[in-house]
Every structure is written in structure tokens, then in C-alpha cells.
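In: sequence? don't have it. structure:
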């Protein structure tokens, strides 16, 4: 047994920092000493999933043990973790949709133990812990040039935003892009749009400091929204004016606010593309006139990522200083300060907060 310290959600909206135990890695599994774990809105949501869970799904660290049959890494390797964990052979994987694999790799709950019994590891990772045991398909090699905290946020926020622009929407050169919400995911959408050579990138947020940060991540224009602007319809009128009455070519919702799920539809032109990046999973009313005419609304998972293709690209761009991800990590916390990290996240203080082990 391996003793760990972990942030454990109780399923009722609360969590605690506890001592827990992991079994030894079995066939095809890897034990990683976590060095950094991102703090994400999804982690907050997972507190209410109705089961005991080791929190965290953005992580990077060092391999300390491997099970039989592991070929992707060895003890001592620096690695980052990916929660897509594709099987490679299912219907979706064979079609290049590894992000929605139908047989995603996992580790049985019985291998994660506490005094209250077995637990679930969030997204089959559980990175808000000193150690995580994961399927080898979740592990990607990490060069020395990439800090652990940067690799951790690459593992979800950056991939989700960047991939939504590059892989899902396929932003065209010279196009106009609107990004609603300038947290880590929204900033990553801007990086993806910039990579695609968008002509204009308009950042929208209610937080002036985040709009200033957006300029470092590719925003060519900013728009300070009003918190009381229902559905951001007034902001949409401003976008219409800035685009000659037509609307943007693409708009990305990155706020995780359910009431803004349809907001990007109001920002785009006829036959434009609206993208729900934050993955809102709520029943919300939608004015169907917002779809007029020929507009496309997509809700990609994990930036339509193909891990073995996309993460090496992100690493390469970072090493070439084309992704300013160090600036995205705005605060670092010890595990015991997770509650403060969540509070800062909700207050909009951070682009990305990261737990450091």
C-alpha cells in the first residue's frame, strides 16, 4: 500500500484533506508523484457528483513505479497527465475522435482506499493528491524545459481552449473571433485563434484585469461587459456594430455560466460558428431565433483532442515561446489551501491557480 495525502470530495459539495491509500500499480498502470495540479471549475462541480472522489484532473509529476506491460514511461520520467485516455480501437478512436473514446481507460475504485471505503479518482486521474495511479495511456512524456505547473494546465484548460479553436471550430485565417470569458480556457482559445491566424480577436469579460491579461494572449480588442447584461445581448449589439452589422465569424463561450450558454449565438453572423467551450450541463432556455440563419453551435469535449498529436504540438509551441503559459499561472497554493484556491477562482482573481506539491 502507498500512503498519500489527497483532497477528497464527499459528494455533497464539501471536501477535506485526508490521508488515503493506493494499491501498487497493476498491469498497464503507472504511479506518479504529483508535482502540480491545476484548479478548475470542473473540480468544484465534482464536489456534487454524489460519490467520494479524489479531486483533480490537471496534473504533472514524476513516475515512481510502473506495472507490468508499461511501455510509455519508466521510473524517474517527468510526465504530464491527459484525461482523455483513449483505448485506440473503439468506434470513435478509429475515426480520430479519441476525446470521446467509448472505452476510456480507468483504474478500479477498489484501488483507492480510505477509512470510509473505496473511492473514485476524478477523470481516472485524481491529481489533487501527493500521488496518483493512472492507466499508461494517460501518461505523456514531459521535457525538462516545461515546468510542472505549465504542464498541469496544458492537461485540461489549455488543451480545451486551444483545441476548441484549432481542432473543433477550425478558425480560418483573417476571421473575427469573439471570446466570452478570459479565464484560463478563454485565454487558451485566444492562443488557438492566434495560431490559426485570426484577423481580430475580441475578448469579453466583466473583469478589467482579465481583459488586460487577454492582451498578452492575442486579444486585439476588448469589451468590458456589464454583469447585469442579460444573456450579454447588449454586448452582442456592440459586437454587431464593431463588425459592420454582420457579427463575428466565431464566438466561444468560456464562462461556465449556464445562463450564457447561448450567448455566443448572438455574437456571430449568419452561417457563423458558436462554440460552447465550458461544457455547460444544465437545462437552460434558448431563443431559437438566435440560430437564424445557418448558424452552427458546437459543444466539443476537451478541444476535440487527439493526445498523441496535440500535446507534443503544445509543448513545441511553448518551447518556442509562442504560448505564454507561465503568465497564465497567476497563483500557486499548497494542497491545504485548496479552499482558498477555489474562493480565488470564483472571485475571478486567477487566470489559473495551481496546487504545488
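Out: Received it, and whenever you're ready, just let me know what you need. On a predicted model such as this, the values are computed, not experimentally measured, just so you know. Numbering: from 1, shown residues only.
In: Now do the helices in the stretch 251-357 of the chain.
Out: 263-267, 307-319, 338-347 (DSSP state H, counting those that start in this stretch).
In: Out of these, flag the one nearest residue 291.
Out: Smallest distance to residue 291 across the helices of the stretch 251-357 of the chain (CB to CB): 6.3 Å, for helix 263-267. For glycine as for every other residue, the C-beta is placed from the backbone atoms N, C-alpha and C.
In: Identify all contacting residues around the closest one.
Out: Helix 263-267 is contacted from outside by 178, 180, 231-233, 235-236, 239, 247-248, 251-253, 255, 274-276, 290-291, 295, 297, using CB atoms under 8 Å, 6 or more residues apart in numbering.
In: what kind of secondary structure is the residue nearest to residue 238 when sequence neighbours are not counted in?
Out: Take residue 238 and drop its neighbours on the chain: the residue closest to it by CB to CB, 6 or more residues apart in numbering is residue 223, 6.0 Å away. Look at residue 223: counting by DSSP: H, G, I helix; E, B strand; the rest coil, its state is strand.
In: cool, and the one 3 residues further on?
Out: Assigned with three-state DSSP, residue 226 falls in the coil class.
In: backbone phi and psi for it, please?
Out: phi -90, psi 130 (degrees, to the nearest 10).
In: Could you measure from the residue nearest to it when sequence neighbours are not counted over to residue 194?
Out: For residue 226, ignoring the flanking residues on the chain, the nearest one in space by CB to CB, 6+ apart is residue 234 at 6.6 Å. To residue 194, residue 234 is 27 Å away according to CB to CB, to the nearest Å.
In: which of these two has more neighbours?
Out: Using other CB atoms under 10 Å as the criterion, residue 234 and residue 194 rank with residue 194 on top: 20 against 14.
In: Now that one: closest residue in space that isn't a chain neighbour?
Out: Distances taken as CB to CB, 6+ apart place residue 218 nearest to residue 194, at 3.7 Å, with adjacent residues excluded.
In: What residues does residue 157 make contact with?
Out: Shown in contact with residue 157 (CB under 8 Å, 6+ apart): 38, 40, 58, 183, 184, 185, 188, 328, 352.
In: now swap in residue 180 and tell me
Out: Neighbouring residues of residue 180 by CB under 8 Å, 6+ apart: 186, 204-205, 232, 251-255, 260, 263-264, 267.
In: neighbours of residue 102, just the number please.
Out: Residue 102: 12 neighbours (other CB under 10 Å).
In: pLDDT wise, what is residue 67 at?
Out: At residue 67, the model reports a pLDDT of 96.
In: now residue 179
Out: Looking at residue 179, its pLDDT is 98.
In: Could you measure from it over to residue 110?
Out: 42 Å.
In: between these two, who's got more neighbours?
Out: The residue with more neighbours, out of residue 179 and residue 110, is residue 179; 35 against 10, by other CB under 10 Å.
In: Find the helix or strand that that one is a member of.
Out: strand 176-180 (DSSP states H and E).
In: Give the partner strands of that strand in its sheet and their orientations.
Out: Applying DSSP bridges, strand 176-180 is found paired with strand 200-205 (parallel), strand 248-253 (parallel).
In: And the last one, how far out from the chain middle?
Out: Distance of strand 248-253 from the chain centroid (CA atoms, centre = their mean, to the nearest Å) equals 18 Å.
In: what sits up against that strand?
Out: Strand 248-253 is contacted from outside by 161, 164-165, 169, 171-172, 175-181, 186, 189, 193, 198, 202, 239, 260-261, 263-265, 267-269, 272-278, 280, using CB under 8 Å, 6+ apart.
In: Drop the exposed ones from the residues you listed and show what's left.
Out: With neighbours counted using 16 or more other CB atoms under 10 Å, the contacts of strand 248-253 contain these buried positions: 161, 164-165, 169, 171, 175-181, 186, 189, 193, 198, 202, 239, 260-261, 263-265, 267-269, 272-278, 280.
In: Quick one: mean pLDDT over stretch 204-218.
Out: Averaging pLDDT along stretch 204-218 gives 95.
In: ok but residue 7 is inside a strand, no?
Out: Yes - with three-state DSSP as the criterion, residue 7 is part of a strand.
In: State the distance from the residue nearest to it when sequence neighbours are not counted to residue 11.
Out: Leaving aside its chain neighbours, residue 7 sits nearest to residue 128 (4.0 Å; criterion: CB to CB, 6+ apart). Between residue 128 and residue 11 the computed distance is 15 Å (CB to CB).
In: tell me the centre residue of the protein?
Out: residue 157 (2.6 Å; CA atoms, centre = their mean).
In: Show me the contact partners of stretch 92-112.
Out: With contacts defined as CB under 8 Å, 6+ apart, stretch 92-112 is touched by 20-23, 26, 29, 54, 84-91, 118-121, 124, 126, 133-135, 137-138, 300-307.
In: go again using 7 Å as the cut-off
Out: Residues outside stretch 92-112 that contact it (CB atoms under 7 Å, 6 or more residues apart in numbering): 20, 22-23, 29, 54, 84-87, 90-91, 118-121, 124, 126, 133-135, 137-138, 301-302, 304-307.
In: Figure out how far it is from the centre of its chain.
Out: Centroid separation for stretch 92-112 versus its chain: 17 Å, with CA atoms, centre = their mean.
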